[in-house]
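1. got a predicted structure here, sequence first:
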Amino acid sequence: MKKLLIAAVLITSVHLMAQDRTIKVDYNKSAGKLNTMFKECIGAGRANEGLRADWQQQLALVKKECDFKYIRFHGLLSDDMAVYREDSKGNPEYNYQYVDVLFDYIVSMKMKPFVELGFMPNALASGKETIFWWKGNVTPPKDYKKWEDLIKNLTAHFTERYGVEEVKTWYFEVWNEPNLTPGFWTGTQAEYFKLYDYAARGVKAVNKDYKVGGPATAGAGWVPETIDFCAKNNVPLDFISTHTYGVNQGYLDEFGTSGTVLSPDENSISGDVINSRKQITNSTKPNLELHYTEWSSSYTPADPIHDSYHSAAYILQKLKQVGNAANSMSYWVFTDIFEEPGPRFTPFHGGFGLLNTQGIKKPAYFSYQFLNKLGETELQNSDKASWTSKNAKGDVQVLLWDFTNTHPGEKVWNQTYYVQDLPSKEKGKVKIEIDGMQKGKYTLEIYKVGYKVNDVYADYLALNKPSQLTREQVNAMKKKNNGDPIATEKITIDAKGTFSKEFKINENDVVFLNLIKQ
């Protein structure tokens with residue numbers, strides 16, 4: 001009897017692990033225009049890195065294949081951008097030559113800057129405290145009027161160079177994570193609100209229709225407080241921005257030495273976003289836009305989950321859960337050309353980027369590339385781990401995934417777990433049924449990301465994790481991990497208008513089907 005019970009438990013557990021799934025949609029049942037908040041904005045490390053040729057080449061690729069609209073980065077006002085100094089009498093001197101090179105390039109890419117106003121120019125700073133290898137000054141201004149004048153002068157320069165109508169479409173965000181003290185801000189909350197007040201007035205002095213907001217906090221902090229401050233003091237506020245990451249402990253670990261653990265909470269990331277939207281809705285300014293200007297599975301650029309195939313499904317799962325709660329979800333960041341802890345010495349080191357330093361596509365990259373292939377009209381779909389869509393030409397797209405958090409728990413760091421070879425287990429079958437399709441011939445393209453499929457970290461492990469890659473190794477990795485279809489077939493939809501396909505899926509697989517009407 002005991003053996004029978006054990007057998008029954010085993011059979012039940014296998015069934016729970018590998019449940020079959022059906023995604024059933026109707027071509028004629030629309031859910032409206034596809035919400036593309038996922039590609040509204042993308043992050044980058046700091047402004048000065050944007051002057052590099054390889055950074056610009058990678059941004060051009062990311063724009064072409066993922067089509068992000070805005071880009072945000074730190075350090076616009078830091079001394080390596082040569083924006084501000086004072087003469088011997090203490091009079092301000094402004095210079096935008098470096099800024100112009102960067103912003104001209106961004107605009108030429110048909111992108112827009114999400115302008116983060118920070119950090120403090122040393123000549124304007126009240127102290128010497130800095131953050132990161134590149135020493136961004138994180139102290140309040142020694143003179144708030146000079147701070148306001150700098151922001152006003154910079155905004156006027158943007159207006160002269162790019163035109164009022166263009167700059168009206170930009171966002172001006174005041175500072176970065178001022179609730180992390182010490183860290184990104186040495187002042188108090190009250191001093192941040194003062195910094196915000198002067199900056200907002202500087203922007204609005206140039207044009208009242210320009211958009212300014214904040215508080216750009218870590219951990220979804222200070223949202224009600226920022227709204228209350230601005231409402232009570234008649235300070236301009238056009239949007240809320242804040243950040244969240246998918247680990248439970250800490251907020252700032254640029255070297256990854258304290259160790260991180262992927263949160264087991266199913267509502268990690270999305271819970272913060274939905275709560276921020278509720279805080280806005282319940283405030284005196286219920287119609288404010290909400291922009292998550294940083295998010296990722298982990299807040300350190302030394303976390304191997306960023307390089308793992310697990311990241312691709314994780315990204316899609318969180319974006320799907322967020323739904324329409326945010327106006328944008330800016331993934332942090334597009335490239336490993338990112339020097340907060342200093343230049344990195346190995347090609348894969350857990351960097352934030354969708355691309356590594358050499359421009360090799362990580363699994364996370366393909367989540368955004370596939371999302372960008374979705375049609376403009378979303379189809380009604382009750383499956384919680386997929387998007388279905390169509391476009392005006394009659395093509396149909398299905399993007400589906402399995403996200404399974406396989407992390408063993410809080411006693412094991414990401415830095416230990418995700419550097420291993422991690423084979424994926426079977427998760428049963430997925431059946432796709434699409435009714436109401438237009439009769440005719442189609443080409444079906446099938447794309448995939450998963451264990452050892454567009455999984456460059458597995459290739460890196462197979463090479464024994466060399467500290468440097470040869471040109472040949474880089475080219476081979478790029479060729480193997482290029483996101484091309486894994487299968488292509490010709491199909492015919494008859495008068496019944498039904499498409500059906502079934503296939504096996506493993507843990508953390510991402511699959512994209514594109515039915516192209518001939």
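-> Sure thing, it's come through.
2. so where's this protein uncertain?
-> Across the chain, the ranges flagged by pLDDT under 70 are 1-18, 249-257.
3. show me where it has helices.
-> For the chain, the helices defined by DSSP state H cover 2-17, 53-66, 97-108, 144-162, 164-167, 189-206, 223-233, 270-281, 310-322, 363-372, 414-417, 456-462, 471-480.
4. with distance to residue 28 and mean neighbour count added, can I get the ones you listed in a markdown table?
-> Quick note: C-beta positions are derived from backbone N, CA and C, even for glycine. As requested, these are arranged in a markdown table below (distance: least, CB to CB, whole Å; neighbours: other CB atoms under 10 Å):
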| stretch | distance to residue 28 | mean neighbour count |
| --- | --- | --- |
| helix 2-17 | 35 | 10 |
| helix 53-66 | 29 | 17 |
| helix 97-108 | 40 | 16 |
| helix 144-162 | 43 | 19 |
| helix 164-167 | 39 | 14 |
| helix 189-206 | 47 | 21 |
| helix 223-233 | 41 | 18 |
| helix 270-281 | 30 | 19 |
| helix 310-322 | 23 | 25 |
| helix 363-372 | 23 | 25 |
| helix 414-417 | 45 | 19 |
| helix 456-462 | 40 | 19 |
| helix 471-480 | 40 | 14 |
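5. closest to residue 340 out of the ones you listed?
-> helix 53-66 (14.6 Å; CB to CB).
6. circling back to that earlier point, what's the closest of the helices of the chain to residue 439?
-> helix 363-372 (27.0 Å).
7. I'd like to know how far residue 495 sits from residue 379.
-> Distance of residue 495 to residue 379, computed by CB to CB, to the nearest Å: 21 Å.
8. quick revisit: do you know which of the helices of the chain lies nearest residue 89?
-> When the helices of the chain are compared by CB to CB, helix 144-162 sits nearest residue 89, at 13.1 Å.
9. what's the closest one packed up against?
-> strand 92-94, helix 97-108, helix 164-167, helix 189-206 (3 or more CB pairs under 8 Å, 6 or more residues apart in numbering; DSSP states H and E).
10. right, so of the ones you listed, which gets closest to residue 461?
-> Comparing the helices and strands packed on helix 144-162 by CB to CB, helix 97-108 comes nearest, at 35.4 Å.
11. the closest one packs against which elements?
-> helix 53-66, strand 112-117, helix 144-162.
12. and with 7 Å instead?
-> Counting contacts by 3 or more CB pairs under 7 Å, 6 or more residues apart in numbering; DSSP states H and E, helix 97-108 packs against no other helix or strand.
13. one step back: could you dump the helices of the chain into CSV with distance to residue 117 added?
-> Shown next, in CSV, are the helices of the chain (distance: least, CB to CB, whole Å):
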stretch, distance to residue 117
helix 2-17, 49
helix 53-66, 21
helix 97-108, 12
helix 144-162, 6
helix 164-167, 14
helix 189-206, 6
helix 223-233, 15
helix 270-281, 21
helix 310-322, 26
helix 363-372, 27
helix 414-417, 32
helix 456-462, 36
helix 471-480, 37
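14. more neighbours: residue 495 and residue 379, which one.
-> Under the criterion of other CB atoms under 10 Å, the comparison of residue 495 against residue 379 puts residue 379 first, with 23 against 6.
15. mind checking how far that one is from residue 318?
-> Separation of residue 379 from residue 318 (CB to CB): 21 Å.
16. residue 478 contacts residue 362, correct?
-> No: applying CB atoms under 7 Å as the test, residue 478 and residue 362 come out as separate, 11.6 Å apart.
17. residues contacting residue 461?
-> Counting by CB atoms under 7 Å, 6 or more residues apart in numbering, residue 461 makes contact with residue 421.
18. how much space between it and residue 271?
-> Distance from residue 461 to residue 271, by CB to CB: 33 Å.
19. quick check: the residue nearest the centre of the chain vs residue 208, distance?
-> The residue lying closest to the centre of the chain (CA atoms, centre = their mean) is residue 331, at 0.8 Å. Residue 331 sits at a distance of 32 Å from residue 208 (criterion: CB to CB).
20. could you do residue 164 as well?
-> Distance from residue 164 to residue 208, by CB to CB: 11 Å.
21. roughly how far apart are residue 33 and residue 334?
-> Residue 33 is 25 Å from residue 334, where distance means CB to CB.
22. for residue 416, that is, sorry about that
-> For residue 416, the distance to residue 334 - CB to CB - is 27 Å.
23. ok, now residue 362?
-> Residue 362 is 11 Å from residue 334, by CB to CB.
24. identify the contacts common to the two.
-> 354-355.
25. the stretch 201-350 of the chain: strands as residue ranges?
-> 211-217, 239-245, 289-296, 328-331 (DSSP state E, counting those that start in this stretch).
26. what packs against the second one?
-> Looking back up the chat, that one is strand 239-245. Using 3+ CB pairs under 7 Å, 6+ apart, strand 239-245 sits against strand 211-217, helix 223-233, helix 270-281, strand 289-296.
27. who touches the shortest one?
-> Strand 211-217 has contacts (CB under 7 Å, 6+ apart) with 171-179, 192, 196, 200, 203-204, 222, 226, 236-243, 293.
28. any quick PyMOL command for the buried ones out of those residues?
-> Restricted to buried positions by 16 or more other CB atoms under 10 Å, the PyMOL selection for those reads:
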select buried, resi 171+172+173+174+175+176+177+178+179+192+196+200+203+204+222+226+236+237+238+239+240+241+242+243+293
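29. tabulate the helices and strands packed on helix 144-162 (CSV), appending distance to residue 58.
-> Shown next, in CSV, are the helices and strands packed on helix 144-162 (distance: least, CB to CB, whole Å):
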stretch, distance to residue 58
strand 92-94, 30
helix 97-108, 12
helix 164-167, 24
helix 189-206, 30
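30. right, and the ones you listed - which one's nearest residue 490?
-> helix 97-108 (39.9 Å).
31. how about the closest one as CSV, C-alpha atoms only?
-> What follows is helix 97-108, C-alpha atoms only, in CSV (Å, rounded to 0.1, in the frame of the first residue of the first chain):
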residue,chain,number,x,y,z
GLN,A,97,30.3,70.4,-26.9
TYR,A,98,30.4,66.8,-25.6
VAL,A,99,26.7,66.9,-24.9
ASP,A,100,26.0,68.0,-28.4
VAL,A,101,28.0,65.1,-29.9
LEU,A,102,26.0,62.6,-27.9
PHE,A,103,22.5,64.1,-28.3
ASP,A,104,23.0,64.8,-32.0
TYR,A,105,23.8,61.0,-32.4
ILE,A,106,20.7,60.0,-30.3
VAL,A,107,18.4,62.2,-32.3
SER,A,108,20.0,61.0,-35.6
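32. list the buried ones in stretch 391-410?
-> Of the residues in stretch 391-410, 391, 394-405, 407 count as buried by neighbour count, 16+ other CB under 10 Å.
33. returning to what we had before: out of the helices and strands packed on helix 144-162, which comes closest to residue 79?
-> Closest approach to residue 79 among those (CB to CB): helix 97-108, 10.6 Å.
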